[in-house]
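Colleague: A predicted structure for the sequence below; I have some questions about it.
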Amino acid sequence: MAGITITGFNHVAYPISTRQKTLPFYRDVLGLAVIPSMVDNVEVIWTQMDSGSMIHPIEAPESGVRGNFHVAFGVESVPDAIASLGASGVEVTSSGDRHDGQEFAFISDPDGNRLEFASVNDRKTHGRVCDEWGTTTQGDGPPSRHQNAAAPIRILAVEHVGVPITDRKRSVAFYRDVVGLKVIPSMVESDTIVWFGLPGGEMLHLVEAEAGNPSTYHGGFTVPDFDAAVSTMQGLGVNNIRVGDRLDDRSALHFDDPDGNHVELVSNNPARLGHRVADEWGYTKDA
Ligand SMILES: [Fe+2]
Ligand SMILES: [Fe+2]
């Protein structure tokens, strides 16, 4: 049976109200580059961080509603992933390929969280161009990339994605045995979070939460200067700021984007590992 070979996170999708209201936050504060969208849906904006991973703000009728979030794993082969999911009895709800040849497939996890599996970007020339608002047209110009050099923060990479679950054993079995992720020790003192490691070092955190609580869903992104990021967010007066230290010596800053989506920024220092142990369900204690 072909397996799912996950390479990292291709993108995280956040439902936003309008691009006029919220894209400036991602582009001009968080420093993401706006790049051409490879889908025909005009509501989808493609933005990219230095690592190549993306955030897709999507204009949605209801921002901050859980069903409109999704996370996309990068995989070596989408056909192999589809075959593996089928062998596990998981229904692929849609699949296809995009203007740049990127292949994709969508499924739902046991709680109905939307998951996507995507191949690498830019598998063929596409000629698509966009303006600084992400509005994309078919053209024949050079690749466009709109990045604000004056942005006070510059997101580097996805560190983790947090996904809400309601039944720990059901979800751990799914992410471990069907998706193929590895349970690793949690670096926070909590019995309601399960940490998984991806091969490239990124992580997925399953968070036991009340069903339908949208603020559980979030991306955690590394930044080069954590203290500066905290000052910036405090200065902007964004909502729900929380700062904390993890047991792996990384620091985390949580806040809401202009539409109430939960965003986390993480310090980029090396993580201290090896001092905690987890059982097969992710319950963790000091070694
Ligand atoms: Fe997506
Ligand atoms: Fe997090």
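Modeller: Good, I have the coordinates. Numbering: from 1, shown residues only. Ligands and ions are numbered 1, 2, ... in the order given.
Colleague: Hmm, Phe104 and Ala72 touching each other?
Modeller: Yes. Ala72 is in contact with Phe104 according to CB atoms under 8 Å; the separation is 7.3 Å. Every C-beta, even on glycine, is put in place using the N, C-alpha and C of the backbone.
Colleague: give me the number of residues near the closest residue to Val42 other than its chain neighbours?
Modeller: For Val42, the nearest residue in space outside its immediate sequence neighbours is Thr135; the separation is 7.3 Å by CB to CB, 6 or more residues apart in numbering. If you count neighbours by other CB atoms under 10 Å, Thr135 ends up with 14.
Colleague: pLDDT score for Thr135?
Modeller: In the prediction, the pLDDT value recorded for Thr135 is 95.
Colleague: For the longest strand anywhere in the chain, name the packing helices and strands.
Modeller: The strand that spans the most residues within the chain, counting by DSSP state E, is strand 6-16. The elements that strand 6-16 packs onto, with contact taken as 3 or more CB pairs under 8 Å, 6 or more residues apart in numbering; DSSP states H and E, are strand 54-59, strand 70-75, strand 114-118, strand 157-165.
Colleague: CSV for the ones you listed, including mean neighbour count and mean pLDDT?
Modeller: Output for those, formatted as CSV (neighbours: other CB atoms under 10 Å; pLDDT from 0 to 100):
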stretch, mean neighbour count, mean pLDDT
strand 54-59, 23, 96
strand 70-75, 23, 97
strand 114-118, 22, 97
strand 157-165, 23, 97
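Colleague: closest to Val188 out of these?
Modeller: With CB to CB, the closest approach to Val188 among the helices and strands packed on strand 6-16 belongs to strand 157-165: 11.1 Å.
Colleague: Show me the one of the helices and strands packed on strand 6-16 that comes nearest Val266.
Modeller: Smallest distance to Val266 across those (CB to CB): 4.4 Å, for strand 157-165.
Colleague: ok now do Gly200, which residues does it touch?
Modeller: Under the criterion of CB atoms under 8 Å, 6 or more residues apart in numbering, the contact partners of Gly200 comprise Thr7, Gly8.
Colleague: where's it relative to ligand 1, distance?
Modeller: 19 Å (CB to the ion, to the nearest Å).
Colleague: One more: Ala228?
Modeller: With distances defined as CB to the ion, the gap from Ala228 to ligand 1 amounts to 30 Å.
Colleague: distance between the host helix or strand of that residue and the chain's centre?
Modeller: Element membership for Ala228, per DSSP states H and E: helix 226-236. Taking the mean C-alpha point of helix 226-236 and that of its whole chain, the gap between them comes to 21 Å (CA atoms, centre = their mean, to the nearest Å).
Colleague: again with stretch 277-287
Modeller: 24 Å.
Colleague: per-residue confidence averaged over the next helix or strand along the chain from the helix holding Ala228?
Modeller: Downstream of helix 226-236, the first helix or strand assigned by DSSP H and E is strand 242-245. Taken as a whole, strand 242-245 carries a mean pLDDT of 97.
Colleague: Run me through the strand neighbours of whichever helix or strand comes after strand 242-245, direction for each.
Modeller: Proceeding C-terminally, strand 242-245 gives way to strand 251-256 as the next helix or strand, assigned by DSSP H and E. Paired neighbours of strand 251-256 in the sheet (DSSP bridges): strand 242-245 (antiparallel), strand 262-267 (antiparallel).
Colleague: any idea which of those strands is most buried?
Modeller: Between the strands paired with strand 251-256, strand 262-267 has the highest mean count of neighbours, a mean of 22, where neighbours are mean count of other CB atoms under 10 Å.
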